[in-house]
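**Q** Okay, predicted coordinates and the sequence, questions at the end:
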Amino acid sequence: MSVIVVANPKGGVGKSTLATHIAGVLARAGHAVMLGDVDRQQSSRQWLALRPPQLPPIVGWEEVSHNDIVRPPKGTTHVVLDTPAGLHGKRLDAVLRIARKMLIPLQPSLFDIQATHAFLRQLREHPRAADLDIGLVGMRVREHTLANAQLHQYIATLNVPVVAWLRDTQNYVQLAARGLTLWDVAPSRVERDLEQWQPLKEWILK
């Protein structure tokens, strides 16, 4: 079973947006996908509740006890985990024990850069680091801005690949409000965004 974790200790960087769309990519490719929400805000779970039933299915956790112990439903082939801000300690250990890939979203802001730098250092020191495929995703990127230029300069100092740059657009907000992803609407409506997702889609599916 393939497990992709979306993580960054900074809140508001676009983790849920990224996680729901990764689940959408996998579902559209015909995989049996579970979207697990380990964030107290439960944004991904709320998104799942809005998802129209006629679309490629994405399921949530399967409860197995009264102690909130959960597991992927039987037959699941791919798991996407949306994690909370401040992920560290035992919760980070538990996530890394099952993760095969990790995507770290970050935005062009000093606070996001600082939080991501510390998180990457923490990951490199973890015993599971050598077994984990890590990629960065630039979120809400606005071209030709100073903040975007600074983000590019910072990322160039890291030994972590940038999988994709995703622009700042209301498409993601509007789709989230209906439980949808870019692959659930007419391609002509989101053509530019689909182009930006192509390298990320290939990274997810490989």
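**A** Received, thanks. Residues are numbered from 1 along each chain as shown.
**Q** residues contacting W197?
**A** 21, 25, 164, 166, 182 (CB atoms under 8 Å, 6 or more residues apart in numbering). In this view, the C-beta of every residue, glycine as well, is placed from N, C-alpha and C.
**Q** number of nearby residues for the third one?
**A** To tie it back to what came earlier, the one meant is A164. When neighbours are counted by other CB atoms under 10 Å, A164 registers 21.
**Q** Assign it to helix, strand or coil.
**A** Here A164 is recorded as strand under DSSP: H, G, I helix; E, B strand; the rest coil.
**Q** who does it bridge with?
**A** On the basis of DSSP bridges, A164 is bridged to V137.
**Q** correct me, but it touches I204?
**A** No. Applying CB atoms under 8 Å, one finds A164 not in contact with I204, separated by 10.1 Å.
**Q** Any stretches of this protein with poor pLDDT?
**A** Low-confidence segments of the chain (pLDDT under 70): 39-41, 62-70.
**Q** which residues in it form strands?
**A** 2-6, 33-37, 58-59, 62-63, 70-71, 78-82, 101-106, 133-141, 162-167 (DSSP state E).
**Q** Who wins on neighbours among the contacts of W197?
**A** H21 (26 neighbours).
**Q** Excluding chain neighbours, give the residue nearest to it in space.
**A** Counting by CB to CB, 6 or more residues apart in numbering, H21 lies nearest to T181, which is 5.0 Å off, once chain neighbours are set aside.
**Q** coming back round to it: to Q196, which of the strands of the chain lies closest?
**A** strand 162-167 (5.4 Å; CB to CB).
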